[in-house]
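Q: with the input below, show me the fold.
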Amino acid sequence: MELNLERPLLFFDIESTGLNIPADSIIELSFVKVFPGGESRIKTWKIKPWDYINACQRPISPEASKVNGITDDMLTNCPTFYDVAEEVAEWLENSDLSGFNAVKFDLPMLSEEFERVKLAGKKVNVDLHSPLLVDVQNIFHAMEPRNLKAAYRFYCGGEDFDNAHTAEADTVATYEVLKAQLDRYDTLKNDVKALSSFVPKKYVDFSGTLIYDEKGEEVINFGKHKGRKARDVYFSEPSYFAWIKNGSFTLDTKAQFEALAEKYRRERLSTPASEEQLRGLQDKFNTKKF
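A: Residues are numbered from 1 along each chain as shown. As a prediction, the model looks like this:
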């Protein structure tokens, strides 16, 4: 079944130097962009992973190389993400997104690379928080718990697909699996908004350190303040936000905490002082010093 689209849906997959988002980099990025009406375009980038702090190529972990078959020497003459960021952003423009397990890894990693190039001085206009996200793995696990290879065998004819764990093969397979899921399940609505509902829309940042509660307020989701509203923590312990800023967190997480801090600062400036606060100030300035 072909997808019922109101705007383009961009399938994507990433291969990387490792699984530690703040410390690793993209080495292969593949897009399959499907347009309303069924036309599609494919683009794959081989990317030299760049360490912006030490100004050198970031090495691929042996574990990652065993999975994706890519070695450091294969990427020496490839462009960095800084070099291709504008082209990648153009592909993302005005599109919703889809991937396999994208919500936990691919999307946070892609966001991290964009934040890095922004810090390095490149002006690139991209917003990865606004598009709808269809995570095919979430649909798969809801219907038939398995992995991508098993999903392809189950939905697409019983054969393994070639070149698994290359970004392009995984991306194309994800697209084929989603179409087959629509064919198989009458309960799945052929609509991106409905399909995106399989992704829990509760994360403020991609790493899940901040989530929304049932009232839509931001809540800290880890550590000593887990379960507390970010607003309450900011006003009672502002140094916590500074600790996040200087800690080993993804750039997206830091950006979301900083955006909240700025919002709370504006709230404090625009909120009139309470009578109790005014009385406290009055008592302070009227206190005689002997």
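Q: mind listing the strands for the stretch 101-250 of the chain?
A: 133-135, 210-212, 218-220 (DSSP state E, counting those that start in this stretch).
Q: out of these, which is closest to Phe12?
A: For Phe12, the closest of the strands of the stretch 101-250 of the chain is strand 133-135, at 10.5 Å, according to C-beta to C-beta. In this view, the C-beta of every residue, glycine as well, is placed from N, C-alpha and C.
Q: now for the closest one, which elements pack on it?
A: With contacts defined as 3 or more C-beta pairs under 8 Å, 6 or more residues apart in numbering; DSSP states H and E, the packing partners of strand 133-135 are strand 96-99, helix 192-196.
Q: okay, the ones you listed in JSON lines with mean pLDDT next?
A: Supplementary listing: these in JSON lines, determined by pLDDT from 0 to 100:
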{"stretch": "strand 96-99", "mean pLDDT": "97"}
{"stretch": "helix 192-196", "mean pLDDT": "93"}
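Q: quick one: these as JSON lines, columns for mean neighbour count and distance to His141 too.
A: Converted to JSON lines, the helices and strands packed on strand 133-135 look like this (neighbours: other C-beta atoms under 10 Å; distance: least, C-beta to C-beta, whole Å):
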{"stretch": "strand 96-99", "mean neighbour count": "24", "distance to His141": "14"}
{"stretch": "helix 192-196", "mean neighbour count": "18", "distance to His141": "14"}
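Q: what bridges to Trp45?
A: Under the criterion DSSP bridges, Trp45 forms beta bridges with Leu29.
Q: what is the burial count for it?
A: By other C-beta atoms under 10 Å, the residues close to Trp45 number 19.
Q: does it touch Val84 like I think?
A: Yes - with contact defined as C-beta atoms under 8 Å, Trp45 and Val84 form a contacting pair (5.4 Å).
Q: I'd say Val136 and Ala180 touch.
A: No - under the contact definition of C-beta under 8 Å, Val136 does not touch Ala180, with a separation of 10.1 Å.
Q: which of the two has more neighbours?
A: Here Val136 and Ala180 are set side by side on neighbour count (other C-beta under 10 Å), and the busier one is Val136, at 25 against 17.
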